[in-house]
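1. Below are the sequence and a predicted model for it; my questions follow.
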Amino acid sequence: RVSMKKILLILAVSSIVTFASADEKTIKETMRLMTEGMAQIQHGFAYSNRMDVEKGIKILEDANAIFSKVDVSTFIEHNNKIQVTKNINENLAENLDAFKKAVKAQNYTESTKYYGKVTSNCIACHRTIRGW
């Protein structure tokens with residue numbers, strides 16, 4: 001597993017690169033972080049470890065923050081797709097916030113609802129960007 005210091009360093013470096021351009025390396029690294037966050041959450045649920053779930057949510061929040069600064073028009077051709085990805089980014093931020101609150105309240109049944117919404121946000125973006 002990746003240490004929090006390493007994740008924060010990666011996020012800091014990625015953020016600097018993101019401001020310059022939405023190059024493929026930045027997107028791939030941010031997607032890797034999102035994958036890491038989802039895996040961390042799943043691990044936390046599987047082993048009843050709230051801290052792992054919270055760490056995974058934090059990784060996703062940080063990675064989503066990078067995407068909120070990216071000029072998606074550099075890798076998306078159609079204007080309607082640009083707005084769709086911005087909406088997904090905002091929805092993901094809201095769902096992660098609600099997810100975090102449910103976990104902190106130890107309402108794990110409710111938190112799985114938000115985990116599902118987070119997953120739906122990911123898939124919606126993949127459908128829009130990748131045509132999946």
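-> Okay, I see it. Numbering: from 1, shown residues only.
2. which parts of stretch 95-105 are buried?
-> 95-96, 98-100, 102-103 (16 or more other C-beta atoms under 10 Å). C-beta coordinates here come from the backbone N, C-alpha and C atoms, glycine included.
3. Take those and keep only those in helices.
-> Counting by DSSP state H, the buried residues of stretch 95-105 place 95-96, 98-100, 102-103 in helices.
4. Closest to Cys125 out of those?
-> Asn95 (12.4 Å; C-beta to C-beta).
5. wait, what's in contact with that closest one?
-> Under the criterion of C-beta atoms under 8 Å, 6 or more residues apart in numbering, the contact partners of Asn95 comprise 114, 117-118, 121.
6. List just the nearest of these to Ile27.
-> Once C-beta to C-beta is applied, the member of these that ends up nearest Ile27 is Asn121, at 16.3 Å.
7. which is the next helix or strand following the least confident helix or strand in the chain by mean pLDDT?
-> Of all helical and strand segments in the chain, the minimum by mean pLDDT, DSSP states H and E falls on helix 4-20, at a mean of 55. Next along the chain after helix 4-20, taking DSSP states H and E as the criterion, comes helix 24-46.
8. Which residue lies nearest the spatial centre of the chain?
-> The residue lying closest to the centre of the chain (C-alpha atoms, centre = their mean) is Leu60, at 3.5 Å.
9. what's the helix or strand for that one?
-> Short version, using DSSP H and E: Leu60 is in helix 50-69.
10. likewise Glu90?
-> helix 79-104.
11. so that helix versus helix 24-46, what angle?
-> Helix 79-104 and helix 24-46 are oriented at 30 degrees to each other (axes from the mean of the first three to the mean of the last three C-alpha atoms, to 10 degrees).
12. chain center to helix 79-104, what's the gap?
-> 9 Å (C-alpha atoms, centre = their mean, to the nearest Å).
13. That one: what's the following helix or strand?
-> helix 108-130.
14. Relative to Thr74, how far out is Lys100?
-> 30 Å (C-beta to C-beta, to the nearest Å).
15. ok so, going back, which of the contacts of Asn95 lies closest to Asn80?
-> Nearest to Asn80 out of the contacts of Asn95 is Asn121 (C-beta to C-beta; 17.7 Å).
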